[in-house]
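**Student:** Make a model of this:
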Amino acid sequence: MSGLADDLLRDRVVLVSGGTRGLGAAVADAALRNGANVVVTGRGAEAGAAYVARARDAGGEAHYVPCDVGDVDQVRAAVDRTVELYGRVDALASCAGLTSRGTLLDTTPELLDQHVAVNTKGPFFLMQAAVRDMLRRGEGGSIVNLITMSALGGQPYLAPYVASKSALIGLTKNVAHAHRHDRIRVNGLNIGWTYTEGEDEVQRRYHGAEDGWQERAGATLPMGRLARPDEIADLVVFLLSDRSGVVTGSVIDWDQTVPGAYDQ
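**Tutor:** Sure, this is the predicted structure:
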């Protein structure tokens, strides 16, 4: 568990959707390093058990709850289980996502529905359940939604992904505005190209990538490499913590390109 360690989330209860692998696991790791009690969700029981074992070996307090974020009942059950375990949800990091390919012309209604279910509907009902618990206790809370730079337009082959993630930007701001007087802060991160297990699978499956693709791809970028999950995770923890102050309704572009800027 590399990265910054502090007490930013000391004794807080943090729920991380998609927290058993990739960026979600990095967020869960960072929360643990900062003193949180963490509940991770995911679809694979084996990956969940492995994450909990690794976290506990490192001295952290973690639990796994099975959850497909595309299923509203499972989403609500994950929040309920977190409350059963710890009595509350102090913070939510919504990291689960679907990135399968589709253009405007070849996307089926079923494919669009899948993206909306995971990338929009899932976070919607995760926030609903978490905010209800925060309101019940009257102690405020913090939420961070992991979004994507592609939500600002994206590639032609990401049409359903872009549609579902763009909606999450508006939803993040709407919920932040609605619950600012409840001291519930809601922010988002538009993530750029990051190397994770999931991204490796996507590049190999859809783009014929071979071993070493991440180094070759990184060499074409301004900083000479892809982003790392632990870097993003540290910022997520900062936003979830009181250290980020009164910030709410912000969607931060976390990338090495600048939208709207041109060389010529």
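**Student:** Please go through this structure and pick out the longest helix.
**Tutor:** The helix spanning the most residues in the chain, taking DSSP state H as the definition, is helix 159-178.
**Student:** Helices of the protein, start to end?
**Tutor:** Read by DSSP H, the chain holds these helices, from start to end of the chain: 22-33, 45-57, 72-86, 109-116, 122-137, 159-178, 197-207, 213-218, 229-240.
**Student:** ok, residue 208 to residue 216 distance?
**Tutor:** When distance is defined by CB to CB, to the nearest Å, residue 208 is 13 Å away from residue 216. Yep, even glycine has a C-beta here, placed from its N, CA and C like the rest.
**Student:** Could you point out the longest strand of this structure?
**Tutor:** Across the chain, the strand with the greatest residue count (assigned by DSSP state E) is strand 184-191.
**Student:** Do I have it right that residue 66 meets residue 40?
**Tutor:** No. Applying CB atoms under 8 Å, one finds residue 66 not in contact with residue 40, separated by 10.3 Å.
**Student:** Between the two, which contacts overlap?
**Tutor:** residue 48 (CB atoms under 8 Å, 6 or more residues apart in numbering).
**Student:** Please compare the two by neighbour count and tell me which comes out ahead.
**Tutor:** A direct count of neighbours by other CB atoms under 10 Å for residue 66 and residue 40 places residue 40 higher, at 31 against 15.
**Student:** what bridges to the more buried one?
**Tutor:** Beta-bridge partners of residue 40, counted by DSSP bridges, are residue 16, residue 64.
**Student:** buried sites along the helix or strand of the chain with the lowest mean pLDDT?
**Tutor:** Ranked by mean pLDDT, DSSP states H and E, the helix or strand of the chain with the weakest confidence is helix 197-207, at a mean of 81. If you call a residue buried by 16 or more other CB atoms under 10 Å, then helix 197-207 has these buried ones: 198, 199, 203.
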